[in-house]
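Novice: Below are the sequence and a predicted model; questions follow.
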Amino acid sequence: MKAEYINPFLESARIVLEQLISVRPTTGQLGVKDVKFVEKYIWIQIGMTGQMKGDIVFGLHEVVALKLVSAMMGGYHITEMDEMTQSAISELGNMISGNASTILYNQGVRVDITPPKLIQSAAAAGFTPKKALTIPLIMDSIGELNIHVLIT
């Protein structure tokens with residue numbers, strides 16, 4: 001697993017988050033971890049095909065998702081993971097991945113992404129633990145967004 005696989009997603013996430021919520025996230029420690037779906041977490045899974053195959057999975061605690069969507073809505077206080085909130089958080093994953101695929105294209109790597117799949121329940125995920133290259137993005141006053149790259 002190569003560390004450079006995560007760089008376009010990290011760069012894209014920083015740009016998108018700064019534009020959407022006016023917060024410049026800091027980067028946590030890069031590592032290889034088992035991705036295990038846990039309860040009270042929101043997971044956005046986006047598949048990749050082309051020269052890079054696999055999945056990008058964004059993970060964040062439900063409380064962080066609510067704060068993030070509140071910030072995306074200009075400070076309107078969001079209190080539940082309703083349909084609108086789920087749509088907004090899915091679109092965030094889509095924007096980050098779409099922007100990252102453009103960065104990859106400009107580097108000569110051709111990839112296509114699948115629409116985001118929002119997963120709120122570990123039981124419903126149908127996902128077995130896998131090793132992934134993982135890096136957290138820390139957003140002041142909001143929390144962490146973890147980026148997991150599972151490239152085959």
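Specialist: Okay, I see it. Numbering: from 1, shown residues only.
Novice: Give the full set of residues in contact with residue 78.
Specialist: Neighbour list for residue 78: 66, 69-70, 85 [criterion: Cβ atoms under 8 Å, 6 or more residues apart in numbering]. Yep, even glycine has a C-beta here, placed from its N, CA and C like the rest.
Novice: between those, which has the most around it?
Specialist: Using other Cβ atoms under 10 Å as the neighbour test, the contacts of residue 78 are led by residue 69, with 23 neighbours.
Novice: right, and that residue touches residue 87 too?
Specialist: No. Look at residue 69 against residue 87 with Cβ atoms under 8 Å: they stay out of range, at 9.3 Å.
Novice: which residues in this structure form strands?
Specialist: Here the chain has its strands, by DSSP state E, at 26-27, 31-35, 41-50, 54-61, 111-113, 117-119, 130-139, 143-151.
Novice: For residue 14, which residues are in contact?
Specialist: 24-25, 137.
Novice: can you list the contacts of residue 78 in JSON lines and add distance to residue 6 and pLDDT?
Specialist: Below are the contacts of residue 78 laid out as JSON lines (distance: Cβ to Cβ, whole Å; pLDDT from 0 to 100):
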{"residue": "66", "distance to residue 6": "26", "pLDDT": "96"}
{"residue": "69", "distance to residue 6": "24", "pLDDT": "95"}
{"residue": "70", "distance to residue 6": "27", "pLDDT": "95"}
{"residue": "85", "distance to residue 6": "26", "pLDDT": "93"}
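Novice: Please flag which of the residues you listed sit within helices.
Specialist: The helices, defined by DSSP state H, take in 66, 69-70, 85 from the contacts of residue 78.
Novice: So, low pLDDT: which residues of the chain?
Specialist: By pLDDT under 70, the weakly predicted segments of the chain are 1-3, 37, 121-129.
Novice: Centre-most residue in it?
Specialist: residue 58 (2.7 Å; Cα atoms, centre = their mean).
Novice: Please report the distance of that one from residue 84.
Specialist: Separation of residue 58 from residue 84 (Cβ to Cβ, to the nearest Å) stands at 18 Å.
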